[in-house]
Structures are given as C-alpha cells and as structure tokens.
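In: would you be able to build a 3D model of this:
(2 chains)
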Amino acid sequence: MTTVLEIISWILILSGSFFSIIGALGSLRFPDFWSRLHAASVTDSGGMILLLAGMCVQAGLGLITVKLILIGVFLFITGPTATHAVANAAFVSGLKPTGNKKTDKG
Amino acid sequence: MHHHHLILRVVTKLLAGTIILYALYVQFHGDFSPGGGFQAGVIMAVAFILYGIVFGLVAVQRVFPPWLVHKIVALGVLIYAGTGIYAMMLGYEFLDYGAFDPGHPSHGQHNGILAVELGVGVTVTGVMVAIYYAFAGRAPRISDEDW
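Out: This is a model prediction of the structure:
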C-alpha cells in the first residue's frame, strides 16, 4: 500500500514539475506576449495542482493535507486572476492579439 | 472604475477578509509555527493595500481613515513599552515577562511575548498602510506643458 502511494505521489510530483518546466520554457521561448502569458499560466494552474496533489498523497490524511488543499484553493483563485490582470493591462494599453506573430511584438 | 475590473473586484472582495484572518493566525500562532508580529502586520496591511489598489484610495480610507492609521502606529509602541513598564511596576526588570506569572515564569513569558508581538503587529500594520497612503495620495507631478 505504501509503495502504491509513493508511486502515485511521485507520478503527480514529477508531472507537476514537468508542467512547471514547460511553463518556464514557454514563457522564455514563445514569440509574442499572449502566448508567453499562456505558457506562464500553465505553471500557475497545471503544475501547481499536480505538485500539491502529490504532496497531499505524501503527507497522508491530516492537518498538513488540509493546509495544502487550502493553499491550492487560494492559488487556484489568485493565479488566474493575476494572469487576467496582466493580460487586461496589456490589452488596455494597446497590445492587440492579432494572431500574426510578425505584428505582435511583445 | 471601468467594467473590465469586474474579476479583480470580485476576487478582492473574496480575499480581503481571508487575508486578515490569515494575518491573525500568523500573529497568534507565531509561537508554534513560523510567523510573528512583523509578518502578521505586513499581511494585515496587504489586505488594506490590495483593497486600496483595486477600489481606490477613497474607498480604503473610508474603511481605515488616515488619522486612525497614525494613532495605531503609536498604539503598537505603547503596547510594547507598556508591557515592559508593567513588568517594572511588578518589581521586575523592563520586559521581564516572568513577572506576569511569578508561580510559573514560563507561562508569564508566554503571555508576555504574545503581548509584545501584538504591539509589533499593530505598529507594522499602521506603518505599512501609512507608507501606502503616502505614496498613493501624493499629488501627480506637474508635466512640462503645465508650467
């Protein structure tokens, strides 16, 4: 049973780390502002949820799991909100998503 | 306020109270887990600063008026020093928390550190909010055309 839990938690943690690395790589390498923002928000939602779920399985039932779930809930609310605020600020200040990477200089 | 701030306003309303609750947790749980007066004060101030950034300076100053902020800055120092002087009045040294429970000095120290940390938290809240008010409330710079 312990081995099964270890395997599950490590699968979750490693895939969360994978999403975080992908997000960092994407926000460095993507061509324009909007696709970079998309890559960065993957780190917020996908990577964070998988990492916290993996840590919950590691911690077992208890106070630590409750705290991790609370952290997850708040990051789940604030992460997309921060992405929205950044995207909104860029949109209001005149950077329009045209779908053409030649004209979207971010 | 423009219509595109709707998400920020809803999330801020959701979070402001929770941040204050978390600040109180950090304040009064500081002797069992990481945290203490300074951190709790900063977190408490963040709730007001977030509210001020999203809803504007006028709205946050209706909740937490500047005269109250300035009083609170002094109140925290008063709590801190008052704890020390109370120990002196009981015949011990300044800030010797053992005075509060002579039969069981470690209980007295526990209560004393809680009182002192409360003073630190109150002052740090006041100072952080006062700095935010000072920056956010300053008059805009005169541009070259206006001279």
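In: sec struct for the closest residue to chain B within chain A, please.
Out: Nearest residue of chain A to chain B: residue A:81, at 4.6 Å (Cβ to the nearest Cβ). The way it works is simple: take the backbone N, C-alpha and C, and place the C-beta from them, glycine included. Under DSSP: H, G, I helix; E, B strand; the rest coil, residue A:81 falls in the helix class.
In: for the closest residue to it other than its chain neighbours, which residues are in contact?
Out: The shortest distance from residue A:81 to any non-neighbouring residue, by Cβ to Cβ, 6 or more residues apart in numbering or on different chains, is to residue B:11 (4.6 Å). Contacts for residue B:11 (Cβ atoms under 8 Å, 6 or more residues apart in numbering or on different chains) come out as A:77-78, A:81.
In: got those as CSV, with distance to residue A:20, pLDDT and neighbour count columns?
Out: Listed next are these as CSV, based on distance: Cβ to Cβ, whole Å; pLDDT from 0 to 100; neighbours: other Cβ atoms under 10 Å in any protein chain shown:
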residue, distance to residue A:20, pLDDT, neighbour count
A:77, 19, 88, 14
A:78, 17, 89, 14
A:81, 19, 89, 18
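In: can you put the residues you listed in CSV and add distance to residue A:96?
Out: As requested, the contacts of residue B:11 are exported to CSV (distance: Cβ to Cβ, whole Å):
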residue, distance to residue A:96
A:77, 28
A:78, 26
A:81, 22
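In: mind checking if the helix or strand bottoming out on mean pLDDT in chain A is in reach of chain B?
Out: When each helix and strand of chain A is scored by mean pLDDT, DSSP states H and E, helix A:33-42 comes last, with a mean of 87. No. Judged by Cβ under 8 Å from any Cβ of the partner chain, helix A:33-42 makes no contact with chain B; its nearest approach is 13.9 Å.
In: against which helices or strands is the helix or strand immediately after that helix in the chain packed?
Out: For helix A:33-42, the following helix or strand on the C-terminal side (DSSP states H and E) is helix A:48-59. Applying 3 or more Cβ pairs under 8 Å, 6 or more residues apart in numbering or on different chains; DSSP states H and E, one finds that helix A:48-59 makes contact with helix A:2-29, helix A:63-92.
In: shaky segments in the chain?
Out: By default, I'm working from chain A. A:99-106 (pLDDT under 70).
In: that answer is for a different chain, and I need it for chain B
Out: Ranges of chain B meeting pLDDT under 70: B:1-4, B:147.
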